[in-house]
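A.B. asks: sharing a model that was predicted from the sequence below.
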Amino acid sequence: MRNIMVEEVPRIPMDEQPVEIVERKGIGHPDTICDSIMEEVSVELNKEYLRRVGGILHYNADKSLLVAGEAEVKFGGGKVKRPMLLVIGDRATNLYAGEEIPIEEIAIRAAKRWIKENLRYVDPEEHVQYMVELRPGSAELTDIFRRSEGKLMGANDTSAAVGYAPLSRMERLVLEVEKMLNSREFKRSFPEVGEDIKVMGYRVKNSVNLTIAVAFVDRYIGSEEEYFKRKEEVLEAVNSYLKNFPEFESIKVEMNTLDVRGRGENGVYLTVLGTSADSADSGEVGRGNGVNGLIPLMRPRSSEAAAGKNPVSHVGKIYNILTHKIAERVVEEVPEVREVFIWLVSRIGKPVDQPDMAAAGGGRKRQGSV
């Protein structure tokens with residue numbers, strides 16, 4: 001007997017609420033780097049386990065810290081004085097049927113490949129050091145994989161997740177602005193714009209304010225005057241792009257608001273490698289975007305990060321993603337629903353397709369609304 005609840009929730013849809021706050025951290029933000037690399041490590045562990053034993057073994061590679069390095073920024077090109085340190089941690093099976101599995105090698109190889117493919121100015125050999133602390137799991141959690149042979153895996157945690165659909169107008173705006181700034185097309189026109197981009201937006205009624213942080217790459221900037229000229233050109237490109245969002249009454253944009261003229265390199269946002277992790281900010285798994293790519297401060301949000309978790313037993317990944325997928329499907333297939341929230345609660349050891357509770361709540365469209 002499945003424990004499923006469906007209720008109409010007396011909640012004002014997000015688009016109609018008077019205030020909304022949304023954030024997105026781009027691919028070069030230290031927190032996003034950690035999430036992305038650990039997800040890459042997870043994928044590579046899955047491949048190796050499947051290749052060696054025909055199934056996925058116990059692991060949770062969902063703990064990571066990116067320790068910022070030291071760099072000296074300079075107009076025309078600075079230098080890295082101390083590399084970043086990437087700590088890869090938690091649990092992974094490294095021995096099966098007497099055969100050793102090189103998880104440290106797998107993790108470092110995955111991290112280096114992701115860096116090379118996504119961060120244009122970071123050399124994974126020169127600019128990053130690696131520390132792998134993936135230890136064997138506990139006997140009881142590891143045994144979940146043995147006892148589940150021939151049947152669906154049992155959940156390895158008692159946890160809960162929530163997802164929603166559709167995205168609000170504000171959420172789509174923040175998502176698309178960051179994607180545009182980090183697109184290959186934009187980088188061809190503005191190679192001085194690094195991958196570390198953060199967009200913070202808030203809406204009051206139908207007016208929007210965006211604060212954008214853009215890490216400029218110092219080798220492309222010859223002087224303070226040139227920095228502010230390039231910054232203005234990027235800002236103009238953003239404002240031009242925002243014409244694609246006429247549904248808002250006004251959109252005000254500010255960029256790199258810590259900048260102060262007359263202070264040289266100390267008064268502008270420059271990086272050597274296109275990410276603040278080269279000298280300023282560290283990163284950590286779980287502090288960045290949710291599985292839908294956003295940090296929506298006015299929405300209910302899952303307490304666990306999905307990145308790096310095991311995809312066959314860890315409900316912190318499975319339910320986190322599944323709740324959003326279910327919500328999207330509900331909105332697509334039930335036209336009367338305007339906004340829906342999906343909650344799933346697991347019980348450790350119980351099959352992952354049998355949540356301890358599943359709940360759906362949402363609001364219907366008003367008659368005549370779109």
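C.D. replies: Sure, I can see it.
A.B. asks: let me know the pLDDT of the closest residue to His29 other than its chain neighbours.
C.D. replies: Once flanking residues are discounted, His29 sits nearest to Asp196: 5.4 Å by CB to CB, 6 or more residues apart in numbering. Bear in mind the C-beta positions are built from the backbone N, C-alpha and C, glycine included. For Asp196, the model assigns a pLDDT of 98.
A.B. asks: helix, strand or coil for Asp196?
C.D. replies: strand (DSSP: H, G, I helix; E, B strand; the rest coil).
A.B. asks: and it, what does it touch?
C.D. replies: Residues counted as contacts of Asp196 (CB atoms under 8 Å, 6 or more residues apart in numbering) are Gly26, Gly28, His29, Pro30, Ala213, Val214, Ala215, Thr271, Gly274, Thr275, Ser276, Ala277.
A.B. asks: is it true that the fifth one touches Ile197?
C.D. replies: I take that to be Ala213. Yes - Ala213 sits in contact with Ile197 when judged by CB atoms under 8 Å, with a separation of 6.7 Å.
A.B. asks: lowest-confidence helix or strand of this protein?
C.D. replies: helix 139-147 (a mean of 52; mean pLDDT, DSSP states H and E).
A.B. asks: what bridges to the residue nearest to Leu242 when sequence neighbours are not counted?
C.D. replies: Spatial nearest neighbour of Leu242, chain neighbours left out: Ile251 (5.0 Å); criterion: CB to CB, 6+ apart. Note on Ile251: beta-bridge partners by DSSP bridges are Val208.
A.B. asks: show me where the stretch 201-350 of the chain has helices.
C.D. replies: Assigned by DSSP state H, counting those that start in this stretch, the helices in the stretch 201-350 of the chain fall at 224-241, 315-333.
A.B. asks: can you list these in a markdown table and add mean pLDDT?
C.D. replies: Formatted as a markdown table, the helices of the stretch 201-350 of the chain follow (pLDDT from 0 to 100):
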| stretch | mean pLDDT |
| --- | --- |
| helix 224-241 | 98 |
| helix 315-333 | 96 |
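A.B. asks: which ones among the contacts of Asp196 map onto strands?
C.D. replies: Among the contacts of Asp196, the ones falling in strands (DSSP state E) are Ala213, Val214, Ala215, Thr271.
A.B. asks: which residues touch the second one?
C.D. replies: Contacts were defined as CB under 8 Å, 6+ apart; by that measure Val214 touches Leu181, Val193, Gly194, Asp196, Ile197, Lys231, Val234, Met255, Asn256, Tyr269.
A.B. asks: relative to Glu178, how far out is it?
C.D. replies: Val214 sits 10 Å away from Glu178, going by CB to CB, to the nearest Å.
A.B. asks: residues that sit against both of the two, list them.
C.D. replies: The contact lists of Val214 and Glu178 share Ile197, where a contact means CB under 8 Å, 6+ apart.
A.B. asks: doesn't Met84 make contact with Val67?
C.D. replies: Yes - the pair Val67 / Met84 is scored as a contact, 6.4 Å apart, by CB under 8 Å.
A.B. asks: who touches Ile103 in this structure?
C.D. replies: Going by CB under 8 Å, 6+ apart, Ile103 touches Leu45, Tyr59, Ala92, Thr93, Asn94, Val132, Leu134.
A.B. asks: switch the cut-off to 7 Å
C.D. replies: Applying CB atoms under 7 Å, 6 or more residues apart in numbering, we find Ile103 in contact with Leu45, Ala92, Asn94, Leu134.
A.B. asks: tally of neighbours for the residue nearest to the first one when sequence neighbours are not counted?
C.D. replies: It stands for Leu45. Using CB to CB, 6+ apart and skipping residues adjacent in sequence, the residue nearest Leu45 is Tyr59, 5.5 Å away. Other residues near Tyr59 come to 28 when the count uses other CB atoms under 10 Å.
A.B. asks: what of Tyr96?
C.D. replies: Using other CB under 10 Å, the number of residues around Tyr96 comes to 14.
A.B. asks: does it really touch His58, like I thought?
C.D. replies: No - at 10.0 Å, Tyr96 does not count as touching His58 under the criterion of CB atoms under 7 Å.
A.B. asks: check which residues of stretch 55-65 are buried.
C.D. replies: For stretch 55-65, the neighbour count (16 or more other CB atoms under 10 Å) marks Ile56, Leu57, His58, Tyr59, Asn60, Ala61, Asp62, Lys63, Ser64, Leu65 as buried.
A.B. asks: what is the biggest helix by length in the chain packed up against?
C.D. replies: Secondary structure assigned by DSSP state H gives helix 30-53 as the longest helix of the chain. Where contact means 3 or more CB pairs under 7 Å, 6 or more residues apart in numbering; DSSP states H and E, helix 30-53 is packed against strand 59-67, strand 84-92, helix 103-118, strand 283-284.
A.B. asks: just the residues contacting that helix, thanks.
C.D. replies: Contact partners of helix 30-53, identified using CB under 7 Å, 6+ apart, comprise 25-27, 55-57, 59, 61-62, 64, 66, 86, 88, 92, 96, 99, 101, 103, 106-107, 110-111, 114, 275-277, 281-285, 287-289, 305, 307-309, 311.
A.B. asks: Ser36 versus the most centrally placed residue in the chain, what's the distance?
C.D. replies: Nearest to the geometric centre of the chain sits Asn289, at 3.7 Å (CA atoms, centre = their mean). As judged by CB to CB, Asn289 and Ser36 stand 10 Å apart.
A.B. asks: for Leu85, same thing?
C.D. replies: Distance, Leu85 to Ser36, by CB to CB: 17 Å.
A.B. asks: those two - which one has more neighbours?
C.D. replies: Ser36 (24 against 16).
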